[in-house]
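Visitor: no FASTA, just this:
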């Protein structure tokens, strides 16, 4: 409970004190007032010549000292706690501070003395022997100034060393540091209170001394110094130890009585602090000395860590697989854990066998394949999914290198990400038994990171590829959409309804209408086998053919034969196109059409059952020409008012429901019969509705194109035709064209 | 996922492929792979048995077109037998019976292979 209350408040105080302004504003008045009051206290004692009573000393004076120097500690702490730790700077500043203190202390001791009497060894006689009351004004000044200087030095020393002791801090090290300060201060205060004998004093001091020893061995910062820095600090610790020893000699010798009479607690605290400083410097010196030989090994470790760190950064930066593989083989060599390195990745495109994608620092004129049997080693690591270490590489049968190539030991590490083997990294050392346990661990960690980076790069490139395809598909979709007629032509007597829905993003259905002159309209409905981008391009080709060829010769046989010839050369072998092509002549009220492998058109007459026009005809692109032409069976129909001609693609009849049944011709014809008298628009709507009802879902499996023509003879045309007939009759020609005739050719 | 499969049989030097399921744009590569394998093994007399073929799309038809030329150049032929009526209609619609031997029974097809007969009208 108490911890819960006090710790936050301590933190709050700390946070408050971290702002310089509040710190100075809060603490300076305490310190200044306390210090002036202490000077006044001693001046009064000097004037009165009698010592203050024990109670006054204990509760007034010692309390005052605690507040004053507590404030001083906090002030100094505030100034130093945010600085970074540098042993060199710490030791140097300690030396300078100690020497400065010694100089100032020496000058202070001279106050009020005759110039000839400089020997500090002469006993100090500024205080009454029994009572400790200052005898001269000079003694009052000296004790006050020396006490302040000593306190400053001791606090400075502790705060400086704090950074080193708490380097790589843990909760435990923080706690032990705090307890050392508390026990030091506590035992110093008790010295003041108890005026103890030697045994009690020793007992009292054992606790802070124990903690001081413990903290003195916190020298982890040494590990991170370079060899030169260690040498420099070795010298600096000697220098600082000398300066601090001199200071300790001064504070417990010539200056001792002044500060002791000022405050025994402060004097003890200062001496404890100095003792800790010397202890810490000595342990630092010895540790530095013993760590000199291990510097190289440690430096290597640091380099390895740095290299690993570089790769981890690479993970987020390099997405180019090629650059990444180069980095992966370069880093172990640069980190000093390997002499040469190469990387084998499986060749997913063709052979699935390992392929060397990058190598670094190989022996002159050598390739990895010449040095080792890459495939055999790869396979072994791939099966083990563990690293393989050949301590004496040259004795292994899979190593082809000769002694002069400098391959003493070989380490083969798998690169595994998401449980998938992405590749294998080979690293070599010139000597046999060259890889220590920590090298293997470092390279294994490195391999894991490398695998992760490779995996990321690969995923990214896959995503880019997908995006690129999606963009291409969008373009194809756009092209396809624009290939379909944006506006239907208008011819007298002919009503047209048309729709085309691609099943996927890009379909293979195509329909088009082209007005050849004021009374003729060419039409085509086609389906390119397959879907996707290539289908869209064949559609575009077909549109070109339709728009270019049909005005030249709109006869269905001629057109389809020519289109087949043009397409046969360009279509892939497995691609073909089914199509229905025809021409309406509204002046004659006739339509001529032919079918090339396409679902048969349907003729729907007002008072007759719907009729499938099953005309012979091969799909476009299936045959080079002769057979195609021979099988083509054109058909001419004389139109009657109300006739409807339905053209569609197989999406209509092959759309399937959830049970896998196709819509089929039967259902199509039934629907047509049920709506036999509908107009083209309503027929179109009913057909699509019937289909959606049958499949149970609005999306189609296949592209679906449906074009319906409706013939409504207009009076004007009738008149024109009658006039034509009359002219023909007067000319003595036959009048057969006016008769509504049966289709000239018709499949059963 | 795929409801299409190809079974392999041999009879009198004719490689018979039994097609099961639905042959569409997604499953067409499986038939392609099967035909490729036949060609690699030097089997140029190939009989497609469609007894269990439930559906074929235009992409499926494309596979036959893709290989017929090569097969005939090598002196062999690809014949199709025992198609279901619905499937036959799709073949018929495009005019495939003019290009391929499409026969009602496997026995007839094998006989035609034995006699070395091909469709009367050459495809090209």
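Guide: Okay, I see it. Predicted, not measured: the structure shown is a model, and the values here were computed from it. Residues are numbered from 1 along each chain as shown, chains lettered A, B, ... in the order given.

Visitor: for chain B, what spans make up the strands?
Guide: For chain B, the strands identified by DSSP state E occupy B:4-11, B:14-23, B:45-56, B:77-81, B:101-103, in order along the chain.

Visitor: quick one: which of those strands is nearest chain A?
Guide: Across those, the minimum distance to chain A, taken as C-beta to the nearest C-beta, is reached by strand B:45-56, at 7.7 Å. (Each C-beta comes from the backbone N, C-alpha and C, glycine too.)

Visitor: and the closest one with strand B:14-23, angle?
Guide: Orientation note: strand B:45-56 sits at an angle of 10 degrees relative to strand B:14-23 (axes from the mean of the first three to the mean of the last three C-alpha atoms, to 10 degrees).

Visitor: ok, and for strand B:45-56, which residues are buried?
Guide: Judged by neighbour count (16 or more other C-beta atoms under 10 Å in any protein chain shown), strand B:45-56 contains these buried residues: B:45-50, B:53-56.

Visitor: adjacent strands (with direction) for that strand?
Guide: For strand B:45-56, sheet partners with direction are given as strand B:14-23 (parallel), strand B:77-81 (parallel), following DSSP bridges.

Visitor: mean confidence for the shortest one?
Guide: If you average the pLDDT over strand B:77-81, you get 93.

Visitor: got TSV for the strands paired with strand B:45-56, with mean neighbour count too?
Guide: Putting the strands paired with strand B:45-56 into TSV (neighbours: other C-beta atoms under 10 Å in any protein chain shown) gives the following:
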stretch	mean neighbour count
strand B:14-23	20
strand B:77-81	23
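
Visitor: would you turn the ones you listed into TSV with distance to residue A:323?
Guide: Formatted as TSV, the strands paired with strand B:45-56 follow (distance: least, C-beta to C-beta, whole Å):
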stretch	distance to residue A:323
strand B:14-23	45
strand B:77-81	50
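
Visitor: these: which one's closest to residue A:24?
Guide: strand B:14-23 (86.6 Å; C-beta to C-beta).

Visitor: residues contacting the strand or helix carrying residue A:260, please?
Guide: Taking DSSP states H and E as the criterion, residue A:260 maps to helix A:256-262. With C-beta atoms under 8 Å, 6 or more residues apart in numbering or on different chains as the test, helix A:256-262 has contacts from A:38, A:42, A:124, A:126-127, A:132, A:134, A:139, A:142-144, A:146-147, A:150, A:251, A:266-267, A:270.

Visitor: pLDDT for the buried residues of strand B:45-56 - can I get that in TSV?
Guide: Output for the buried residues of strand B:45-56, formatted as TSV (pLDDT from 0 to 100):
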residue	pLDDT
B:45	92
B:46	93
B:47	93
B:48	94
B:49	93
B:50	91
B:53	92
B:54	90
B:55	88
B:56	88
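
Visitor: ok so, going back, in a markdown table: the strands of chain B, plus distance to residue A:102.
Guide: A markdown table is the format used below for the strands of chain B (distance: least, C-beta to C-beta, whole Å):
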| stretch | distance to residue A:102 |
| --- | --- |
| strand B:4-11 | 97 |
| strand B:14-23 | 100 |
| strand B:45-56 | 103 |
| strand B:77-81 | 109 |
| strand B:101-103 | 115 |
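
Visitor: closest one to residue A:541 among those?
Guide: The closest approach between residue A:541 and any of those, judged by C-beta to C-beta, belongs to strand B:45-56 at 24.9 Å.

Visitor: angle of that closest one against strand B:4-11?
Guide: Note on geometry: by the same axes, to 10 degrees, strand B:45-56 and strand B:4-11 are set 150 degrees apart in direction.

Visitor: contacts for the host helix or strand of residue A:73?
Guide: Secondary-structure assignment from DSSP H and E places residue A:73 in helix A:62-80. When contacts are taken as C-beta under 8 Å, 6+ apart, the neighbours of helix A:62-80 outside the stretch itself are A:17-18, A:20, A:23-24, A:27-28, A:30-31, A:34-35, A:37-38, A:41, A:151-152, A:155-156, A:159-160, A:162-163, A:189, A:192, A:263, A:265-266.

Visitor: state the pLDDT value of residue A:3.
Guide: 47.

Visitor: which bits of chain B sit near chain A?
Guide: By the criterion of C-beta under 8 Å from any C-beta of the partner chain, the positions of chain B lying close to chain A are B:25, B:54, B:57-59, B:61-63, B:65-66, B:69, B:86, B:90, B:93-96, B:98-99, B:121-124.

Visitor: try it again at 7 Å.
Guide: Among all residues of chain B, those adjacent to chain A (criterion: C-beta under 7 Å from any C-beta of the partner chain) are B:25, B:58-59, B:61-63, B:65-66, B:69, B:93-95, B:98-99, B:121, B:123-124.

Visitor: distance of the spatially closest residue to residue A:442 that is not a sequence neighbour from chain B?
Guide: Spatial nearest neighbour of residue A:442, chain neighbours left out: residue A:304 (4.8 Å); criterion: C-beta to C-beta, 6 or more residues apart in numbering or on different chains. Here the distance between residue A:304 and chain B works out to 47 Å (C-beta to the nearest C-beta, to the nearest Å).

Visitor: I figured residue A:304 was touching residue A:335, is that so?
Guide: Yes - the criterion here is C-beta atoms under 7 Å, and residue A:304 meets it with residue A:335 at 4.9 Å.

Visitor: okay, and residue A:202 sits in which element?
Guide: Residue A:202 belongs to helix A:198-216, assigned by DSSP H and E.

Visitor: what residues of the next helix or strand after that helix count as buried?
Guide: Taking DSSP H and E as the definition, the helix or strand that follows helix A:198-216 towards the C-terminus is helix A:227-252. The neighbour-count check on helix A:227-252 (16+ other C-beta under 10 Å) flags A:229-230, A:232-234, A:236-237, A:239-241, A:243-244, A:247-248, A:250-252 as buried.

Visitor: I'd like to know which elements the helix holding residue A:202 is packed against.
Guide: With contacts defined as 3 or more C-beta pairs under 7 Å, 6 or more residues apart in numbering or on different chains; DSSP states H and E, the packing partners of helix A:198-216 are helix A:171-194, helix A:264-291.

Visitor: for it, buried residues please.
Guide: Applying a neighbour-count criterion of 16+ other C-beta under 10 Å, one finds A:201, A:204-205, A:207-209, A:211-212, A:215-216 buried in helix A:198-216.

Visitor: between the residues you listed, which is nearest chain B?
Guide: When the buried residues of helix A:198-216 are compared for distance to chain B, the smallest value, 68.7 Å, is given by residue A:215; criterion: C-beta to the nearest C-beta.

Visitor: and that closest one, what does it touch?
Guide: With contact set as C-beta atoms under 7 Å, 6 or more residues apart in numbering or on different chains, residue A:215 has these partners: A:165, A:176-177, A:180.

Visitor: any idea which of the residues you listed is least confident?
Guide: residue A:165 (88).

Visitor: for chain B, see how far away residue A:30 is.
Guide: Taking C-beta to the nearest C-beta as the measure, residue A:30 falls 81 Å from chain B.
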